[in-house]
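> okay, here's the prediction I keep looking at, along with the sequence it came from:
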Amino acid sequence: MATRAARLSAEPAAGQAATVRGLTRSFGDRRVLGGVDLDIAPGEFVALLGRSGSGKSTLLRVLAGLDREARGEIGVATTVAVSFQEPRLVPWKRVLANVALGLRGPDPVGRARAALAEVGLTEHLNAWPLTLSGGEAQRVSLARALVREPGLLLLDEPFGALDALTKISMHRLVVDLWARHRPGVLLVTHDVDEALLLADRVLVLDGGRIAHESAVPLARPRHRDHHDLVALRAGLLRRLGVDPEETA
Ligand SMILES: Nc1ncnc2c1ncn2[C@@H]1O[C@H](COP(=O)(O)OP(=O)(O)OP(=O)(O)O)[C@@H](O)[C@H]1O
């Protein structure tokens, strides 16, 4: 296949939420992605693990259209939404205005209000972003992404900065929102348990490629001590170069 500049087409191959073929990305002499192939089916929840510096955020940024320097073939759903570890809210706009910002179509404010109700923030519509807790700000960020009804939702370590209890409630919320809206999801995370609790499929990025994938064919909500998850966790940790005994 001829290599050509990455192109974000309106329609991914064969009705997928995302299709990537032979994606490469270098920074100077350093090749970070060396031929990534990836499909995300409509409504599929995919998690992406990999050691620090393996290129996870780089891949996500390419899919988000934020990095146009990659090479290879890329197709993504017509509407792509992104949520990052830092919620990236506009500080001089109130919560409701942040979610309605740039929204096209009828009644943007009404839709923004409904999205904020879905993430449980009705009482904070008029709050300033800087007055929110980390978990609340992250929920605003999720509302802002989902109100666009994306075919592909990209999540880059969205819960990485949250405390353990907030993280658990965010996991529940994300599963609920995903079940209701059913976007295709790519979740970049360092957290093997998070990947196993949320995703249909867990990928490991290593050496610039998808080096491993595990399907997680379990109904949600999932419990981390489920024996199937224990076995999958050990396999993924080994793939990441970690001894599962040391993390038990
Ligand atoms: N704009 C850039 N210029 C130069 N190097 C970059 C740039 N962006 C990323 N890199 C390098 O590419 C490599 C992969 O970075 P990336 O952020 O994608 O990794 P990651 O797997 O998301 O890491 P982490 O898990 O630590 O967030 C790193 O070595 C990083 O320094």
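Okay, I see it.
> am I right that Ala143 is in a strand?
No: applying DSSP: H, G, I helix; E, B strand; the rest coil, one finds Ala143 to be helix, outside a strand.
> what's the closest non-adjacent residue to it?
Closest residue to Ala143 apart from its sequence neighbours, by C-beta to C-beta, 6 or more residues apart in numbering: Ala115 at 4.0 Å. (Glycine included, C-beta is placed from N, CA and C.)
> for the one you found, give me the pLDDT.
Listed pLDDT for Ala115 reads 96.
> give the buried residues for the host helix or strand of it.
Element membership of Ala115, judged by DSSP states H and E, is helix 108-118. For helix 108-118, burial by neighbour count (16 or more other C-beta atoms under 10 Å) applies to Pro108, Arg111, Ala112, Arg113, Ala115, Leu116, Glu118.
> what does stretch 52-69 give?
Ser54, Gly55, Lys56, Ser57, Thr58, Leu59, Leu60, Arg61, Val62, Leu63, Ala64.
> does the first one belong to a helix, a strand or coil?
When you say that, I think you mean Ser54. At Ser54 the chain is in coil, as set by three-state DSSP.
> which residues does it contact?
Leu205, Asp206, Gly208 (C-beta atoms under 8 Å, 6 or more residues apart in numbering).
> how about the nearest residue to the first one, chain neighbours excluded?
So that's Leu205. Gly50 (3.6 Å).
> does the residue nearest to the spatial centre of the chain belong to a helix or a strand, and which?
Closest to where the C-alpha atoms of the chain average out (C-alpha atoms, centre = their mean) is Leu155, at 2.2 Å. Element membership of Leu155, judged by DSSP H and E, is strand 152-156.
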